[in-house]
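1. Structure for the following, please:
(chains A and B)
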Amino acid sequence: GDSVTQMEGPVTLSEEAFLTINCTYTATGYPSLFWYVQYPGEGLQLLLKATKADDKGSNKGFEATYRKETTSFHLEKGSVQVSDSAVYFCALREYSGGGADGLTFGKGTHLIIQP
Amino acid sequence: DTAVSQTPKYLVTQMGNDKSIKCEQNLGHDTMYWYKQDSKKFLKIMFSYNNKELIINETVPNRFSPKSPDKAHLNLHINSLELGDSAVYFCASSPMEGGGAGEQYFGPGTRLTVT
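-> Residues are numbered from 1 along each chain as shown, chains lettered A, B, ... in the order given. Model prediction:
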């Protein structure tokens, strides 16, 4: 079945540091890929997405590129802020034709940014 | 305007009780989902409903039953609650899309504690 593997946390960085959170996936078809963010005590918010190979998703300074050859979708940001502290989830969704496919999530990476 | 809302936000109850969690979306989406997030933050799909039809049921105990009175609502009923049911439950919705998978929009979550 489908699966998503992302780096274990917590990841602790200083403000303005460069961020990379690795994500790799296994899927039978051609999934769409997502990064969601969960701030403390809140629900999940879509951060960015990519629906086909070589697509780059970007939002709020975060970027991720759909790499089919390495089955990866690594999240990057050039300069993190304290407000970026949250749990980040990589996820995939395969389209089976019915349109009701659930998301398969990675285990989440807790990011802590220190001032 | 809240896109996906859930009630209650917190639910504390004793083993053996029956409880319900309500979910409503005002996005006009055709498909709604329930996810369970365990104590380690791992998220797993439980159910999805598409046009009032159950599409996915991922080996969830039959004590859990989703009920959709209309396209905008998907409630989760849980009978004979057990300690292991303690978790955060998230409702989500997505539009029907042909030819590609789309993102899902999540509610704020319901933290269920079974004592």
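
2. List the contacts of the residue most central in space within chain B.
-> For chain B, residue B:34 is the residue whose C-alpha lies nearest the centre (CA atoms, centre = their mean; 2.7 Å). When contacts are counted by CB atoms under 8 Å, 6 or more residues apart in numbering or on different chains, residue B:34 touches B:23, B:45, B:46, B:47, B:48, B:66, B:74, B:76, B:89, B:90, B:91, B:92. All C-beta spots, glycine's among them, are computed from the backbone N, C-alpha and C.

3. at 7 Å what do you get?
-> B:46, B:47, B:66, B:74, B:76, B:89, B:91 (CB atoms under 7 Å, 6 or more residues apart in numbering or on different chains).

4. what does residue B:71 give?
-> Residues counted as contacts of residue B:71 (CB under 7 Å, 6+ apart) are residue B:30.

5. measure it to chain A for me?
-> From residue B:71 over to chain A the distance is 13 Å, taken as CB to the nearest CB, to the nearest Å.

6. and the residue in chain A positioned nearest to chain B, how many neighbours?
-> Of all residues in chain A, residue A:102 sits closest to chain B, at 3.1 Å by CB to the nearest CB. Residue A:102 has 25 neighbouring residues, counting by other CB atoms under 10 Å in any protein chain shown.

7. Ok, the one 10 residues further on next?
-> Here the neighbour count serves as a burial measure; for residue A:112 (other CB under 10 Å) it reads 13.

8. what's the answer for residue A:26, then?
-> Quick note: residue A:26 (other CB under 10 Å) scores 13 neighbours.

9. Specify the beta-bridge partners of it.
-> residue A:3 (DSSP bridges).

10. wait, what's in contact with the residue of chain B found nearest chain A?
-> Closest approach between chain B and chain A, counting by CB to the nearest CB: residue B:45, at 3.1 Å. Applying CB under 7 Å, 6+ apart, we find residue B:45 in contact with A:102, A:103, B:33, B:35, B:56, B:58.
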